[in-house]
Each structure stands twice: as structure tokens, then as C-alpha cells.
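1. this is a predicted model, with the sequence first.
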Amino acid sequence: MNMQGIALAADSAVTVGDGMGQKIFPSASKIFTLSKYEPVGAMIYGSASYMDVPWETIIKAYRRNLGVESYRTLSEYADNFLSFLQSEQVLGTVEQQARYVDGSTLTYFERIKKKIVAKVQEAFDLQGEVDEATVAEITSDTVRAYSEVWKDAEVIPSIPEGFADEIRKKYGGRIREIKKAVFQKLPLTSSSSRQLTEIAVSLFLKFPDGAQVPNTSGAVIAGFGEDDFYPVLEAFLFGGKIEGVVKHKREKLVEISYSSQAAILPFAQSEMVFTFMDGVDPTYQNVLDRFVGEFCISYPELLLDNIDGVSDEQKRDLRQRLQDLGTSKFNEFIAASASYRQRNHVNPVMNVVRSLPKDELAGMAESLINLTSFKRRVSMEAETVGGPIDVAVISKGDGFIWIKRKHYFESDLNPQFLANYFKGGQTNGRKSNETKDTQGVSINE
């Protein structure tokens, strides 16, 4: 993003799984026009469907419902889209809600069980045998660790008060059945059983930092409202919809302005973008920071244990003083390394992005997607980023412009598609006063 506009780029890979395996299809659409007439677009990541309905279908149904309506700010488009999700009767039927609860609970319980089994196997490999007491302890500790993650997370603002009790009352029986089916051969204490139930309820109330929540989608709404002179972007996380409540959380709000003239925002699989921007792989940086931190804390103790002629009382005093110095130096290291990355890697790139013309914005967005795709292709990781890359640029003057767009059909064989794109430019029975000229324009829906 810069003051001229915003470039959206997305790959075409989508992963489909049925519990027995996974298949990757390189043909998914992830970028859409949110309005046919206004400079507003949408991009999705994560789950390709919402309550078993493809996001593509939902977005195009919203676009049809929106018609020629426009809003003064991009945030009003986002609010209107949320209202559409909440009011749309096709989303959140009784059957959909049951599948959503069952699927999310089963997936997360299976994840916990897999972790328990891995730890039991690790103990067996080390000890040669594992008794029931050890299995019970591993089970209890693992469930407790997952429980703490969810317990510490806050209920997201979109969830009304008392909704947790409503979940327990309506779906408690289903949760108990799934819990029994998944953990039937594992020794669950009453405490662990209660913790698992609370985890299941929390799946529909929270988005813990760092936790992979089943059936989660990301949606990005970007562009310009009538009064937005510079581009604006809002990003949301979505869970499902139960009893008319759409689980969602605003992840980002980015507004380009005179004081903040550029932004680069990666979504989903973002490690290669951060590597490009920071000059270091984020996982490696975390490992390095953790090692230096542990070294600063543990080295004083190792040093004092190898010095003779120092009393225990003196060692305790020196240990604390040295550890305080180590913590101080570690904080200096973190600040200095962050400053170096910002000064030598981030700032030079952002200085260029501020002045990029629209076509170069598009080229840069596409290149950043290509970095991740290339990394997946030359490593042993699954190619979860790949296929054709769609690129669009949104500007105040030109609106939503496709730079690259794949088709599952031949445009020349489907003239009715192009002819019908702007057909029915009306909303609530009111036709637009504007005349839309499509002559000579190839509309890539």
C-alpha cells in the first residue's frame, strides 16, 4: 500500500482434507471485487468456505445484494459485510451449526490426542516401557497445557455476554460424546475431562494467540470509501456462526496517510515476506533470541559453580546481581538487533514502496507471493502456496483493476458472462442513476 493505491496478490493453492489425507488444488480464487462499481476489493485466506458455503459464493451474493450502494468509508463496507453474514439465513442453519460444532471439536480433540500419543511414544523410546501412571501423567499434563492457552485468552468482543452458557446448554451433550469417542482409551481424570469441555466451549468464543483454531478463515477488505482519499485495509478472522452470532475478530486496520505513507502486509503463510523485509528468517530469529536469553540467565550460575573460595551466601548475592546484568544485556541485544533490522532492511524497502507507481506495486506484491511459492517448491514441504498468482490494484481514480487473473473458462466462449456483469445495477428495486460504459472493456470477474 502507498498513497497511490493498494495492490492485492494471492496464489491459487487450496488444501482439501477429509481426515484420511490431503489434496492440494492449484486453482482457487482468493481475490474478488466487493462492489462492481466502487473501488473496494476482498481477499480471503485460511479456510476456503464459511459454514460449508464457499467464500466466493458468499462474497458474490453480498456484491449482488450491495448493488450500486456505496459508503463514505471503507469501515462502513466492512460493517455492512459483517451485517450480511449475520443476517443471511443460508449461513447458520441447524445442520450447518451442528456440523460446525462437531467438526471443530473433533478436529481439536484429535490434535490434543495426537500430542499425547507422541509424548507417550517419546517416553517409550527413552525408557523402553511406559506404565499406566506415566500415561495418565502425560495425558493430564498435556490437557492442562492446552487448557492454559485457552483459559488465558480473552473472549473476543463479538461474542455476547452469557454465550458460553448457551453453548454448554445446547451442545454440551455433543461435546461429551465426541470427547468419549476420541479419548476412550486414555486415562482422563475428572479435572482433565472438565478442562477438555471448557476447551471445546472456548473454540467458539476465542482466538488465542498462536493457537490453530479449526474452521478459521481470514478476510481482507481493502480500497476506498467515498470520503477515503488514501487506501484503507481491514483484516478479520472468522470462526463460524451459532445462534446468529458470527465469531469474528478484527486483526488489522491500516490507513495510509501523510504520516504513514506505505505498508506491506502479509497474510497466512508469511515467513518469506518477513525474511525478505527483516533480512533474517523469523523462526531463526526466535531461536537466536531464546538461546541468547537463556545464556544470559544461566551463564552466571555456571561461572560461580566453577569458582572456588566463594561462600554460598556470596554466590547467592553474586548470582542475582549477575543475572540482573545478564537480563539487562539481553534486553540491549534485542533492542539493538531490532534497530539494525529496521534501519538496514525494513526502512530502505519502505522508502521505495512509498513512491512506487501502481504497476510497480502490483509487481512487488506478485514477487512476494513468488518467494513463498519458490520456497515451497524447492523444499520438502507441501506446496501449499502455488499455482497462478492473481493480482489486482485498487486506486481512487481508476477503481478496481485486474493486473493478472486466471479463468476456469474461455472468455471468448462466454460473451454472456461479460454482457451480464453489470446487468441489474440496482439495489432494493432502485436502479442506478449512473450509466456504466462497458464497451471495449474485458471484465475478468
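-> Thanks, I have it. Numbering: from 1, shown residues only.
2. only the buried residues of the helix or strand containing Lys329, if you could.
-> Lys329 is part of helix 312-341, with elements assigned from DSSP states H and E. Using 16 or more other CB atoms under 10 Å as the test for burial, helix 312-341 gives 318, 322-323, 326, 330, 337, 341. (Glycine included, C-beta is placed from N, CA and C.)
3. now do stretch 163-178
-> Taking 16+ other CB under 10 Å as the criterion, stretch 163-178 shows 163-164, 167, 171, 175, 178 as buried.
4. now these in TSV, with pLDDT and secondary structure?
-> Putting these into TSV (pLDDT from 0 to 100; DSSP: H, G, I helix; E, B strand; the rest coil) gives the following:
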residue	pLDDT	secondary structure
Phe163	95	helix
Ala164	94	helix
Ile167	95	helix
Tyr171	94	helix
Ile175	95	helix
Ile178	96	helix
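5. chain center to the single longest helix found in the chain, what's the gap?
-> The longest helix of the chain (DSSP state H) is helix 94-127. Put simply, helix 94-127 sits 21 Å off its chain's centre (CA atoms, centre = their mean, to the nearest Å).
6. before we move on, the earlier item: need the max-distance pair from the buried residues of stretch 163-178.
-> Farthest-apart pair in those is Phe163 and Ile178; separation 19.9 Å (CB to CB).
7. from the buried residues of stretch 163-178, which is closest to Pro300?
-> Once CB to CB is applied, the member of the buried residues of stretch 163-178 that ends up nearest Pro300 is Ala164, at 46.0 Å.
8. so, low pLDDT: which residues of the stretch 1-150 of the chain?
-> Counting by pLDDT under 70, the stretch 1-150 of the chain contains low-confidence ranges at 16-22.
9. export the buried residues of stretch 163-178 to JSON lines and tack on distance to Lys60?
-> What follows is those, written out as JSON lines (distance: CB to CB, whole Å):
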{"residue": "Phe163", "distance to Lys60": "30"}
{"residue": "Ala164", "distance to Lys60": "34"}
{"residue": "Ile167", "distance to Lys60": "31"}
{"residue": "Tyr171", "distance to Lys60": "31"}
{"residue": "Ile175", "distance to Lys60": "35"}
{"residue": "Ile178", "distance to Lys60": "34"}
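10. which residue ranges of the chain form strands?
-> All strands of the chain, identified by DSSP state E, fall at 5-10, 14-17, 22-25, 31-33, 40-46, 49-50, 53-54, 217-223, 232-242, 245-255, 390-395, 399-404, 426-427, 430-431.
11. for these, which one sits closest to Lys60?
-> strand 31-33 (7.1 Å).
12. what does stretch 99-114 contact?
-> Outside stretch 99-114, the residues that touch it by CB atoms under 8 Å, 6 or more residues apart in numbering are 51-52, 142-143, 146, 171, 174-175, 178-179, 182-183, 186, 196, 199-200, 203-204, 212-215, 240-242.
13. of those, select the buried ones using a PyMOL command.
-> Written as a PyMOL command, the selection of buried residues from the contacts of stretch 99-114, which uses 16+ other CB under 10 Å, is:
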select buried, resi 51+142+143+146+171+175+178+179+182+183+186+196+199+200+203+204+213+214+215+240+241+242
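14. which residues in the stretch 251-400 of the chain form helices?
-> Assigned by DSSP state H, counting those that start in this stretch, the helices in the stretch 251-400 of the chain fall at 271-278, 282-305, 312-341, 347-353, 358-377.
15. of all those, which one comes closest to Lys23?
-> Comparing these by CB to CB, helix 358-377 comes nearest, at 15.6 Å.
16. elements contacting the closest one?
-> strand 5-10, helix 271-278, strand 390-395, strand 399-404 (3 or more CB pairs under 8 Å, 6 or more residues apart in numbering; DSSP states H and E).
17. which stretch among the ones you listed comes nearest Glu294?
-> helix 271-278 (22.1 Å).
18. list the buried ones in that closest one?
-> Applying 16+ other CB under 10 Å to helix 271-278 flags 272-278 as buried.
19. hey, which of the strands of the chain is tucked in deepest?
-> strand 5-10 (a mean of 26; mean count of other CB atoms under 10 Å).
20. contacts for that strand?
-> 1, 30-31, 41, 43, 45, 220, 222-223, 231, 233, 256, 358, 361-362, 364-366, 368-369, 389-396, 398, 403.
21. that one relative to strand 232-242, how many degrees between them?
-> On the basis of axes from the mean of the first three to the mean of the last three CA atoms, to 10 degrees, strand 5-10 is oriented at 40 degrees to strand 232-242.
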